[in-house]
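1. Got a predicted model here, sequence first, then my questions.
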Amino acid sequence: LRRAEKKLKKAQRELSRKQKGSRNREKARLKVARAHAKVADARREFHHQLSTRLIRESQAVAVEDLAVKALARTRLGKSVHDAGWSAFVAMLEYKAARYGRTFAKVGRFEPTSQVCSACGIKDGPKPLHVREWTCPACGTVHDRDHNAAKNIKAAGLAVTACGARVRPGHVPAPRGEAGSHGIRSGARAA
């Protein structure tokens, strides 16, 4: 992928130097288009290979719905966007259905890195530079990412075991509360 991106960068530089309307500019434009296609193909191929391997090797797959826009603001922004998280999750989802596997998605607001995977106590939010923490209740030392992975797995197993969602869904308003409050529910306008 990185090799293909370097070739794309070079092809775009060459294109910008060509005179508009010239035959050489048209050749350079086609070269840029082919380079773009190679980058997209490399990314898509990686997604297909990894998602197929994960689905074939696992009975159940649980993923966290990440806030990619917020993650992209960090110094790893390019790598975050290159990962193509939503396309990868979509591939996991349809391949899980195709192979008869269970797929679960844990919401982004679930406090997976704040809850102790050993005893279940919520320790509260921590800044990102805190990579390890000790549970105040049971004394277990947790790596932030491993703890979050254990909690995501547990939430995914809960979904697969009873079909329940990790967080309750939206509940519609009762009939008396729904609609306009200016019109009585028994009388209709004539």
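-> Alright, I've got the coordinates. Residues are numbered from 1 along each chain as shown.
2. isn't H142 right up against P136?
-> No - using Cβ atoms under 8 Å, H142 makes no contact with P136, being 11.6 Å away. Bear in mind the C-beta positions are built from the backbone N, C-alpha and C, glycine included.
3. With neighbour numbers in mind, choose between these two.
-> With neighbours defined as other Cβ atoms under 10 Å, H142 and P136 compare such that H142 has more, 20 against 11.
4. Sort out which residues of the helix or strand where H146 lies are buried, please.
-> If you go by DSSP states H and E, H146 is part of helix 144-162. By neighbour count with 16 or more other Cβ atoms under 10 Å, helix 144-162 contains the buried residues 144, 147-156, 158-160.
5. What is the nearest of the residues you listed to M91?
-> G156 (17.2 Å; Cβ to Cβ).
6. ok, for that closest one, nearest residue in space, not its chain neighbours?
-> With Cβ to Cβ, 6 or more residues apart in numbering as the criterion, G156 has its nearest non-adjacent residue at 2.4 Å, and that residue is A62.
7. now that neighbour, what's its secondary structure?
-> Under DSSP: H, G, I helix; E, B strand; the rest coil, the three-state class of A62 is strand.
8. returning to what we had before: hmm, who's touching the helix holding H146?
-> 60-64, 102, 104, 106, 110, 112-113, 115-117, 126, 130-133, 164-166 (Cβ atoms under 8 Å, 6 or more residues apart in numbering).
9. Please indicate which of those are buried?
-> Buried, going by 16+ other Cβ under 10 Å: 61-64, 102, 104, 106, 110, 112-113, 115-117, 133, 166, out of those.
10. contacting residues around V61?
-> By Cβ under 8 Å, 6+ apart, the residues touching V61 are L54, I55, L92, A96, R101, T102, F103, A104, G156.
11. Tell me if I'm right that the fourth one and K105 touch.
-> No - under the contact definition of Cβ under 8 Å, A96 does not touch K105, with a separation of 10.7 Å.
12. Chain neighbours aside, what residue packs nearest to D123?
-> Distances taken as Cβ to Cβ, 6+ apart put Q114 closest to D123, at 5.6 Å, once the chain neighbours are dropped.
13. buried set for stretch 21-29?
-> Per 16+ other Cβ under 10 Å, stretch 21-29 contains these buried residues: R25, A28.
14. what number of residues lie near G77?
-> Burial of G77 is recorded as 12 neighbouring residues (other Cβ under 10 Å).
15. same check, this time on the one 3 residues further on
-> Neighbouring residues of V80 were enumerated by other Cβ under 10 Å; the total is 18.
16. Report the separation between it and W133.
-> To W133, V80 is 24 Å away according to Cβ to Cβ, to the nearest Å.
17. Same question for V141.
-> Distance of V141 to W133, computed by Cβ to Cβ: 8 Å.
18. Likewise for Y94?
-> Counting by Cβ to Cβ, the gap from Y94 to W133 is 37 Å.
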